[in-house]
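Student: based on what follows, work out the 3D shape:
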Amino acid sequence: MLFAQIAGIVMLVWFYQTAKKLGESPMNWAITGLVGYWLTWWIAKLSIKSLHLDTLAGNSGILKFVIILTPALLAILATLFIRKKYLVDAAESKQDNQ
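Tutor: Model (predicted):
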């Protein structure tokens, strides 16, 4: 859970800094990135719980560790796609303005 919280904060700062560098609205980017991260994290977490994958792991420490990290890793992947979409949109808006 700590990894997920730290990753969420890192995503927030990363989106904010990227928007600031591009001259876009940093708060809009940061909030969108954070909401995208946490929404994906919760969906993945609830999916794992509903499928009872955590009980399937049994006594395997490595498998439990992977199952615990999966929601955060999926959320990071989702924010990468969100950021990529925002970068494309920002480049297109800059190109349209010129």
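Student: mind exporting the worst-scoring helix or strand of the chain on mean pLDDT as PDB, just the C-alpha atoms?
Tutor: Least confident helix or strand, the chain: helix 53-56 with a mean of 73, by mean pLDDT, DSSP states H and E. Taking Å, rounded to 0.1, in the frame of the first residue of the first chain, the C-alpha atoms of helix 53-56 are listed here in PDB:
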ATOM      1  CA  LEU A  53      -6.500 -14.200  -6.300                       C
ATOM      2  CA  ASP A  54      -4.900 -13.300  -3.000                       C
ATOM      3  CA  THR A  55      -6.200 -16.500  -1.500                       C
ATOM      4  CA  LEU A  56      -5.000 -18.400  -4.500                       C
END
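Student: quick check: buried residues in the helix or strand following that helix?
Tutor: Downstream of helix 53-56, the first helix or strand assigned by DSSP states H and E is helix 61-97. Of all the residues in helix 61-97, those buried under the rule 16 or more other C-beta atoms under 10 Å are 67-68, 70-72, 74-76, 78-79, 82-83, 86, 90. From N, CA and C alone the C-beta is placed, and that goes for glycine too.
Student: could you list the residues in contact with the least confident helix or strand of the chain?
Tutor: With contact meaning C-beta atoms under 8 Å, 6 or more residues apart in numbering, helix 53-56 is reached by I48, K64, I67.
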